[in-house]
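Enquirer: after the sequence you'll find the predicted model.
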Amino acid sequence: MSAQDPRLAEVVDALVKDLHKFIVDHRVTEEELRYAIDFLTEVSKNNEMPGLADAFAMTTVADNVTHEEASQGATPSNIEGPFYLADAPLLSPPHRLGRPEEGGDPLVFRGRIVDGPSGQPIPTALVDLWQADAAGNYDIQDPGAPAFNLRGRLTARDGTFELRTVVPGAYEIPKNGAVGRLLKLLGRHAFRPRHIHFKISADGWQPLTTQIYFAGDQWIESDSIGAAKPGLVAPLKSRDDVLVSEYTFQLTPRK
Ligand code: BEZ
Ligand code: FE
């Protein structure tokens, strides 16, 4: 009988073969397999499957495979992660994120948005961005934060935009779940380097979902989810009481 879904059959067959080989190569016992099954049952009961896929860089590897054909000189994509919310407030200039009393180091982020191959500025682009607060928490993790705190959408004109915000803190995968417990047993830390998420879209170019990290961050070489990439690191410089960061986003023309 032929498979109703040939692609599903191809990947499931390959996965099962790899798992059998893994069990044989590593002499995995029945007791160890039961331990793994109990762990995965707990993970799915706690809705931690997405977190598990992140913690073992599966989402990052799938992102790389999906976008490996992006044009030369294009800004690398990076995973969306679990904290994106659609329909963030539309910002007008001067674009500001966070509460008036938002804690943390003030940051001015200057973005350029250009056509990757030619380097020419893209006339109009929609930039949807979100970040953690200075303690590394996203608004949806913090009952005290107003809705859509540190999130917004803005229009970049003539290939530039400026954003006033605070430097985000390093996010830590929660320690109280099954994934956090496993990382501890493995002796792995659970921090991500500080970052801001971007989704950029412009008519005529492929949409880009990415994250920008900051040079000198202590976790950049050991991101707990393996997502940080050298091509996504922006400088962070001190100028007149604020930190300033700049990054040029290079988009790929639509085919
Ligand atoms: C984040 O973008 O902050 C994130 C991504 C994956 C897992 C946890 C956090
Ligand atoms: Fe994030």
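Expert: That came through fine. Ligands and ions are numbered 1, 2, ... in the order given.

Enquirer: so what's the residue in the stretch 1-150 of the chain that ligand 1 sits nearest to closest to, chain neighbours aside?
Expert: Residue of the stretch 1-150 of the chain nearest ligand 1, by C-beta to the nearest ligand atom: residue 81 (2.8 Å). Where you see a C-beta, it was placed from the backbone N, CA and C, and this is true even at glycine. Nearest non-adjacent residue to residue 81, counting by C-beta to C-beta, 6 or more residues apart in numbering: residue 197, 6.7 Å away.

Enquirer: phi first, then psi, for the one you found.
Expert: phi -90, psi 140 (degrees, to the nearest 10).

Enquirer: okay, and the beta partners of it?
Expert: Beta-bridge pairing for residue 197 (DSSP bridges): residue 130, residue 211.

Enquirer: and it, what does it touch?
Expert: 80, 81, 83, 84, 129, 130, 131, 209, 210, 211 (C-beta atoms under 8 Å, 6 or more residues apart in numbering).

Enquirer: contacting residues for the fifth one?
Expert: Read that as residue 129. 88, 97, 151, 152, 153, 154, 163, 196, 197, 198, 199.

Enquirer: mind listing the strands for the stretch 51-200 of the chain?
Expert: In the stretch 51-200 of the chain, the strands defined using DSSP state E, counting those that start in this stretch lie at 95-96, 106-115, 124-131, 151-157, 160-166, 195-201.

Enquirer: just put the ones you listed in a markdown table and tack on mean pLDDT.
Expert: Shown next, in a markdown table, are the strands of the stretch 51-200 of the chain (pLDDT from 0 to 100):
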| stretch | mean pLDDT |
| --- | --- |
| strand 95-96 | 97 |
| strand 106-115 | 98 |
| strand 124-131 | 98 |
| strand 151-157 | 98 |
| strand 160-166 | 98 |
| strand 195-201 | 98 |
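
Enquirer: with distance to residue 72 added, can I get these in JSON lines?
Expert: Supplementary listing: these in JSON lines, determined by distance: least, C-beta to C-beta, whole Å:
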{"stretch": "strand 95-96", "distance to residue 72": "31"}
{"stretch": "strand 106-115", "distance to residue 72": "12"}
{"stretch": "strand 124-131", "distance to residue 72": "20"}
{"stretch": "strand 151-157", "distance to residue 72": "23"}
{"stretch": "strand 160-166", "distance to residue 72": "23"}
{"stretch": "strand 195-201", "distance to residue 72": "18"}
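
Enquirer: which parts of this protein sit against ligand 1?
Expert: By C-beta under 6 Å from any ligand atom, the residues of the chain that approach ligand 1 are 54, 81, 82, 83, 171, 173, 192, 225.

Enquirer: from those, list just the buried residues.
Expert: 54, 81, 83, 171, 173, 192, 225 (16 or more other C-beta atoms under 10 Å).

Enquirer: re earlier: can you tell me which of the contacts of residue 197 are buried?
Expert: Buried among the contacts of residue 197 (16+ other C-beta under 10 Å): 81, 83, 129, 130, 131, 209, 210, 211.

Enquirer: how about residue 164, what does it touch?
Expert: 94, 95, 96, 97, 106, 107, 108, 109.

Enquirer: same question for residue 182.
Expert: Here residue 182 is in contact with 39, 55 (C-beta under 8 Å, 6+ apart).

Enquirer: need the longest helix for this structure.
Expert: For the chain, the longest helix by residue count, based on DSSP state H, is helix 6-25.

Enquirer: for it, the distance to its chain's centre please.
Expert: 28 Å (C-alpha atoms, centre = their mean, to the nearest Å).

Enquirer: can I get that helix in CSV? Just the C-alpha atoms.
Expert: Below are the C-alpha coordinates for helix 6-25, written out as CSV (Å, rounded to 0.1, in the frame of the first residue of the first chain):
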residue,chain,number,x,y,z
PRO,A,6,4.9,10.5,0.7
ARG,A,7,6.9,13.3,2.4
LEU,A,8,5.6,12.2,5.9
ALA,A,9,6.5,8.6,5.1
GLU,A,10,10.0,9.6,4.0
VAL,A,11,10.9,11.6,7.1
VAL,A,12,9.2,9.2,9.6
ASP,A,13,11.1,6.2,8.0
ALA,A,14,14.4,8.1,8.2
LEU,A,15,13.8,9.2,11.8
VAL,A,16,12.8,5.7,13.0
LYS,A,17,16.0,4.2,11.3
ASP,A,18,18.1,6.9,12.9
LEU,A,19,16.5,6.2,16.3
HIS,A,20,17.1,2.4,16.0
LYS,A,21,20.7,3.0,15.1
PHE,A,22,21.0,5.4,18.1
ILE,A,23,19.6,2.8,20.5
VAL,A,24,22.1,0.2,19.2
ASP,A,25,25.1,2.5,19.0
